[in-house]
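Visitor: Take a look and give me a structure for this.
(chains A and B)
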Amino acid sequence: MTDNIGIARVFSDIRDLLEIKGANPFKIRAYRNAADIVGHMAESIADLTDADIRSIPGIGKDLAAKIRELVDTEALVYFDELRQEFPASILDMLRLQGVGPKTAEILYAELGIETLEELESDATEGRLRQLKGMGAKKEELLLRSLAEHRTRVGRHLIGRADAIATRLTEHLRTAAPDVTIFPIGSLRRGCETCGDIDLLAVGATDALMSHFVRFPDVERVLGQGRTKSSVLLRGGVQVDLRVVASESAGAAAQYFTGSKAHNIAVRDLALQRGLKLNEYGLFRVADGEYVAGASEADVYAALGLAYVPPELRKHRGEIEAAANGNLPRLIERSDLRGDLHSHTTATDGKADVETMATAARAAGLEYLAVTDHSQALAMANGLDERRALDHAKRIREVSSTLEGITLLAGIECDIRADGTLDLADDCLTELDLVVASVHSAFGQDEHQMTDRLLRAIESPMVDIIGHPTGRLLLRRAPYKLKLEPVFDAAARTGVAMEINSQIHHLDLSDSHARLARERGVKLVISTDAHAPTAFNLLRWGVTTARRAWAEPGDVLNTLPLDAFRASLRRHRVDE
DNA sequence: GCCGTTTTCGGCCCGACTGTTTTCAGTCG
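Guide: This is a model prediction of the structure:
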């Protein structure tokens, strides 16, 4: 309850309740902002001193005291008192499309509606239309929202959102081949999950909007106008399309890409310079004169900022860096020379060594570590010492026959519950590289899991920790784990931390990877490929690394093969 | 509730779409 996510949820609920109460909107914003800050911090806020907490921008005296109370008592008197004023389920209603704080308040105050079930029956029986501002259409909308609420998962993995955006963009291009169309919003920022998909079309016509709402997967048109239309696709994904004129293209892209926190800060900066920024452009406040807007770079430049890559737009120091010329040279997909985590038919992969190697080469890679599972993963037909060594021999034979790519004989070795490795050292030492991963006993407490990883890191056999927190996006939370000591041990021993590029992993996460970097840990970006098509997933690992401010020098598999080998823990001489 | 080389008070980012209220409030992003 008092981890960062729990505290963020409390602040978020307070925000919603204050909205229903009609409190001071800037107080509401302060809570929303605090929920965002705490929810995205990599460090555990419970471990920070009062002074540290107080020094976080956006956390003042009052919120710092509330955080302290939550950490120390696992409760918050203010929150409990606020909750007393409303039925517990009123917050559920806010999650419905078309229900905001005013509507939720009226439904409760006027009709005594406390639950979604009561809302459904009152709407079905036509009792809502007697309320001010409500009519038959609003009732219909709420009934649809209720039905959709039950089926919608809410958020979508970035890979899925990207695939949908690509198909939809192709659909739009058939009607308007010359119009520039690209994703904005969370998808463009590379967020690991997207709540909806936003697209921007530059210089499009009304005909494009009509074509948009006729996309075959559209289940329902939520709204259609000249500049904005929204549709709900089968499967529960909402897509918004916005249309702007070309002189506003950059301003609109900047505006709708967000994040909200980044935009507020940028607009604040504009105001300090006597300028006003909206989706149409950057204008002088004094006379309304247009200053910039055709490209994002123009907008940032007019504000004295270097162009800020979308992945960095989180209001986590990027604006200061852009002002001072200190933005990182972010890693790109083309910087990667190798992939360090892959599987074959020897265990649970779908293709043999040759096929995987050829696919990796076709993806532009110069080396590939084949790292099949170890024996503990019996259901994956994991390798024991004997099979592991035979497999290594086979991998090296295949490698010697291939041009243009080198194979490394590795293993993804299980870290057992007690932190020991699943294969004997005299086997592991024969291999080129060892990725050590947790695949069992996920339920250990924080102390056990932290010690388990620390022990693995201390083993001289281990080069890389695979998917270090074990999370599965939208499915499973990370293990309970203290990352700071793990990162510090990794930095000291030269063990690299993986960013796993599978879209349900993306583990390390962006904020964890940033924390790792800041503590001196080297990263690797790997696919965990189980099939030859998987090498294109590297882009998502790169996106995550970019959101972690990673430069090529932070990531070991940007190195040429010889330098990469020398950088591995097993070959380091400075321990 | 936060914040401060104009400030410890008085500011705090902005616009489109919908439905129903014929001039605008609510929701959303």
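
Visitor: contacting residues around the residue nearest to residue A:510 when sequence neighbours are not counted?
Guide: Of all residues not flanking residue A:510 in the chain, residue A:547 sits nearest, at 3.6 Å (CB to CB, 6 or more residues apart in numbering). All C-beta spots, glycine's among them, are computed from the backbone N, C-alpha and C. Contacts for residue A:547 (CB atoms under 8 Å, 6 or more residues apart in numbering) come out as A:189-190, A:311-312, A:314, A:510, A:513-514.

Visitor: how far away is residue A:547 from DNA strand B?
Guide: With distances taken as CB to the nearest atom of the strand, to the nearest Å, residue A:547 is found 19 Å from DNA strand B.

Visitor: center of chain A - which residue?
Guide: residue A:192 (2.5 Å; CA atoms, centre = their mean).

Visitor: For that residue, which non-adjacent residue is closest in space?
Guide: The nearest residue in space to residue A:192 (CB to CB, 6+ apart) is residue A:506, at 4.9 Å.

Visitor: Might you report the residue contacts of the one you found?
Guide: When contacts are counted by CB under 8 Å, 6+ apart, residue A:506 touches A:158, A:192, A:473, A:499-500, A:540-541, A:544.

Visitor: Among these, find the lowest-pLDDT one for me.
Guide: Sorting the contacts of residue A:506 by confidence puts residue A:473 at the bottom, with a pLDDT of 84.

Visitor: Compute the number of surrounding residues for it.
Guide: Residue A:473: 18 surrounding residues under other CB atoms under 10 Å.

Visitor: is it true that it touches residue A:160?
Guide: No - if you go by CB atoms under 8 Å, residue A:473 and residue A:160 don't touch, sitting 10.7 Å apart.

Visitor: Overlap in contacts, these two.
Guide: Taking CB under 8 Å, 6+ apart as the criterion, residue A:473 and residue A:160 both touch residue A:503.

Visitor: so what's residue A:279 up against?
Guide: Counting by CB under 8 Å, 6+ apart, the residues that residue A:279 touches are A:242, A:244, A:248, A:251-252, A:255-256.

Visitor: who's in contact with residue A:496?
Guide: Contacts of residue A:496 by CB under 8 Å, 6+ apart are A:463-465, A:490, A:521-524, A:556, A:569.

Visitor: Would you mind checking which of these is nearest to residue A:331?
Guide: Comparing these against residue A:331 with CB to CB places residue A:523 closest, at 9.1 Å.

Visitor: Can you give me the pLDDT of the closest one?
Guide: As summarised for this prediction, residue A:523 has a pLDDT of 98.

Visitor: How confident was the prediction at the closest residue in space to it that isn't next to it in sequence?
Guide: Computed as CB to CB, 6+ apart, the closest residue to residue A:523 that is not its neighbour in sequence is residue A:555, at 5.0 Å. pLDDT, residue A:555: 98.

Visitor: Check the one 5 residues further on too.
Guide: According to the per-residue confidence, residue A:560 scores 98 in pLDDT.

Visitor: helix or strand right after the helix or strand of chain A with the lowest mean pLDDT?
Guide: Within chain A, judged by mean pLDDT, DSSP states H and E, the helix or strand with the poorest mean is helix A:136-151; its value is a mean of 82. Per DSSP states H and E, helix A:136-151 leads on to strand A:156-157 as the next helix or strand towards the C-terminus.

Visitor: mind listing what that next one pairs with, with the direction of each?
Guide: Its sheet considered, strand A:156-157 pairs with strand A:193-194 (antiparallel) by DSSP bridges.

Visitor: Phi and psi next, for the residue located most distally from the centre of chain A.
Guide: Distance from the centre of chain A peaks at residue A:130, with 43.3 Å (CA atoms, centre = their mean). Taking degrees, to the nearest 10, you get phi -70, psi -20 for the backbone angles of residue A:130.

Visitor: Now residue A:481. Nearest residue, chain neighbours left out?
Guide: In space, residue A:481 is closest to residue A:449, 4.8 Å off (CB to CB, 6+ apart).

Visitor: So which residues of the stretch 1-150 of chain A form helices?
Guide: For the stretch 1-150 of chain A, helices defined by DSSP state H, counting those that start in this stretch occupy the ranges A:4-21, A:25-40, A:50-54, A:61-73, A:77-84, A:90-94, A:101-111, A:116-124, A:136-151.

Visitor: And residue A:44, what's its pLDDT?
Guide: pLDDT recorded at residue A:44 is 84.

Visitor: And it, how close does it get to residue A:61?
Guide: Taking CB to CB, to the nearest Å as the measure, residue A:44 falls 21 Å from residue A:61.

Visitor: Can you pick out the residue with more neighbours from those two?
Guide: Using other CB under 10 Å as the criterion, residue A:44 and residue A:61 rank with residue A:44 on top: 15 against 8.

Visitor: Just to check, that one is in contact with residue A:6?
Guide: No - in this structure residue A:44 lies outside contact range of residue A:6 using CB under 8 Å: 11.1 Å.

Visitor: contacting residues for the nearest residue to residue A:248 once chain neighbours are set aside?
Guide: In this structure, residue A:248 finds its nearest non-sequential neighbour in residue A:280, 4.6 Å apart by CB to CB, 6+ apart. Counting by CB under 8 Å, 6+ apart, residue A:280 makes contact with A:244, A:248, A:251-252, A:293.

Visitor: from those, which is closest to residue A:87?
Guide: residue A:252 (40.8 Å).

Visitor: Surely that closest one is within a helix?
Guide: Yes - assessed with DSSP: H, G, I helix; E, B strand; the rest coil, residue A:252 lies in a helix.

Visitor: Tell me how far it lies from residue A:241.
Guide: Using CB to CB, residue A:252 is found at 12 Å from residue A:241.

Visitor: Mind listing the shared neighbours of the two?
Guide: Joint contacts of residue A:252 and residue A:241 (CB under 8 Å, 6+ apart) are residue A:200.

Visitor: Residue A:202 contacts residue A:242, correct?
Guide: No - with contacts counted by CB under 8 Å, residue A:202 stays clear of residue A:242, the gap being 9.8 Å.

Visitor: Common neighbours of the two, please.
Guide: With CB under 8 Å, 6+ apart as the test, residue A:202 and residue A:242 both reach residue A:252.

Visitor: What helix or strand is the nearest residue to residue A:407 once chain neighbours are set aside located in?
Guide: Spatial nearest neighbour of residue A:407, excluding adjacent residues (CB to CB, 6+ apart): residue A:399 at 3.7 Å. For residue A:399, the element it lies in under DSSP H and E is helix A:385-401.

Visitor: quick one: buried residues of that helix?
Guide: Across helix A:385-401, burial judged by 16 or more other CB atoms under 10 Å covers A:385, A:387-389, A:391-392, A:394-395, A:398-399.
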